[in-house]
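**Q** predicted model, plus sequence, below.
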Amino acid sequence: MKLQQLRYLVEVAKQGLNVSEAAEKLHTSQPGISKQIRLLEDELGVQIFIRNGKRVVDVTAPGKEILRISERMLMQAQNLKRIGEDFINVEGGSLTIATTHTQARYALPATIHNFMLRYPKVRLSIKQGSPTQISEMVVEGAADIAIATEGIDHYSELAMLECYNWNRSIVVPVGHPLTRLDHKITLEDVAAWPLITYDFAFAGRNKINQAFEARDITPNVVLTAIDSDVIKTYVGLELGIGILATMAFEADRDQQLVAIDASHLFDDSTTRIGIRKDAYLRGYAYDFIELFAPHLNRKVVQAALMCDTEE
């Protein structure tokens with residue numbers, strides 16, 4: 001049995017049982033992958049995939065268990081390499097962070113700047129996507145750490161650590177009537193205008209929906225976006241008022257807009273970090289986490305991973 005056979009096996013499953021796409025992804029040939037998987041089946045004495053002619057159409061019952069164990073073995077092999085690198089190349093390596101636009105644009109810059117000053121030899125990569133996409137990146141080993149508000153808790157493979165709470169502001173053009181209210185802004189005030197806010201999968205959108213539903217108010221959402229800057233752009237064009245993460249409003253840059261505090265209207269949202277429970281983190285990965293969330297020191301993170309693994 002070879003690790004390469006397990007890689008072929010797992011990649012075919014990831015590519016929806018398409019051997020050609022798996023071969024392209026792994027930069028090898030389709031016949032080579034098929035041959036190695038059959039050799040593995042012969043060695044194990046069980047059929048992993050169900051075939052219809054040359055096509056793979058399903059996974060057998062024992063095949064599903066073999067895939068699960070293969071994924072774990074590949075992760076542990078990667079962990080072994082990281083342990084060696086920790087002792088051989090203490091200051092160098094790579095770290096991949098998967099996160100949403102709002103976190104990458106507004107929450108992470110200071111952390112990334114300080115990290116790169118501390119570890120100039122580490123190759124840092126930032127991958128953006130929806131909460132579901134970035135969680136899956138970590139589950140599949142394509143990223144080391146996920147940072148998001150939504151989605152991480154849907155994946156049992158991930159240990160989840162809370163970083164910080166945040167809330168929202170109502171963003172309007174300068175001179176908008178909502179800036180001249182003689183009372184604290186209400187949901188009724190907000191709902192009287194066309195709304196521009198986040199797509200449902202992003203940035204605590206469910207908290208917004210819950211607040212309106214609790215008051216039996218149906219807001220007129222005319223535009224949704226995954227990008228805070230897009231929301232501000234269309235508010236600036238007076239197509240509606242925006243509900244925006246407060247961190248995404250920059251008074252010095254957004255001078256054509258005004259932010260009205262709305263933290264009393266919506267429950268706080270919590271940004272979290274997600275890490276594979278069975279992952280081995282390099283020392284600098286722990287430092288990155290602590291730079292981003294100072295209360296999450298190495299001891300705290302390791303305790304969380306150990307607790308989740310025991311469960």
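**A** Happy to help now that I have it.

**Q** can we go C-alpha only for contacts and neighbour counts from here?
**A** Fine.

**Q** list the helices and strands the host helix or strand of C307 packs on?
**A** Using DSSP states H and E, C307 sits in helix 298-310. If you count contacts as 3 or more C-alpha pairs under 8 Å, 6 or more residues apart in numbering; DSSP states H and E, helix 298-310 packs onto strand 158-166, helix 283-292.

**Q** what sits against Q4?
**A** Q4 makes no contacts at all, as judged by C-alpha atoms under 8 Å, 6 or more residues apart in numbering.

**Q** now it: which helix or strand?
**A** Using DSSP H and E, Q4 maps to helix 3-14.

**Q** now do the helix or strand hosting M137, average pLDDT.
**A** Assessed by DSSP H and E, M137 sits inside helix 131-139. Mean pLDDT, helix 131-139: 92.

**Q** ditto for stretch 35-42
**A** Here stretch 35-42 scores 89 as its mean pLDDT.

**Q** circling back: now the helix holding C307: buried residues?
**A** For helix 298-310, the neighbour count (16 or more other C-alpha atoms under 10 Å) marks R298, V301, Q302, A304, L305, D308 as buried.

**Q** contacts for it next, please.
**A** With contacts defined as C-alpha under 8 Å, 6+ apart, helix 298-310 is touched by A159, L161, K277, D278, Y286, D287, E290.

**Q** min pLDDT across the residues you listed, which one?
**A** Within these, pLDDT reaches its minimum at D278, with 85.

**Q** verify the stated contact: that one with A77.
**A** No: under the criterion of C-alpha atoms under 8 Å, D278 is not in contact with A77, lying 11.2 Å apart.

**Q** and the two? Which one has more around it.
**A** Neighbour totals were compared for D278 and A77, and D278 leads with 17 against 12 (other C-alpha atoms under 10 Å).

**Q** assign a three-state SS to that one, would you?
**A** Here D278 is recorded as coil under DSSP: H, G, I helix; E, B strand; the rest coil.

**Q** the one 3 residues further on now?
**A** Under three-state DSSP, the three-state class of L281 is coil.

**Q** quick one, phi psi at it?
**A** With angles defined as degrees, to the nearest 10, L281 sits at phi -100, psi 130.

**Q** name the nearest residue to it, ignoring sequence neighbours.
**A** Nearest-residue entry for L281: R82, 7.6 Å, with adjacent residues in sequence omitted and distances by C-alpha to C-alpha, 6 or more residues apart in numbering.

**Q** and the one you found, what helix or strand is that in?
**A** Going by DSSP H and E, R82 is part of helix 61-88.

**Q** out of the contacts of helix 298-310, which comes closest to T60?
**A** Closest approach to T60 among these (C-alpha to C-alpha): D278, at 25.5 Å.

**Q** gap between the two ends of stretch 254-267?
**A** Criterion C-alpha to C-alpha, to the nearest Å; first-to-last residue distance in stretch 254-267 is 25 Å.

**Q** now do the same contact list for the most centrally placed residue in the chain.
**A** Residue closest to the average C-alpha location in the chain (C-alpha atoms, centre = their mean): I134, at 3.0 Å. Applying C-alpha under 8 Å, 6+ apart, we find I134 in contact with A98, T99, T100, K127, Q128, A143, A146, I147.

**Q** tell me the two of those that are most distant?
**A** Going by C-alpha to C-alpha, the pair spanning these furthest: T100 and A143, at 13.2 Å.

**Q** which residues of the stretch 151-300 of the chain fall in helices?
**A** Assigned by DSSP state H, counting those that start in this stretch, the stretch 151-300 of the chain shows helices spanning 187-191, 205-214, 228-236, 283-292, 298-310.

**Q** thank you kindly, that will do.
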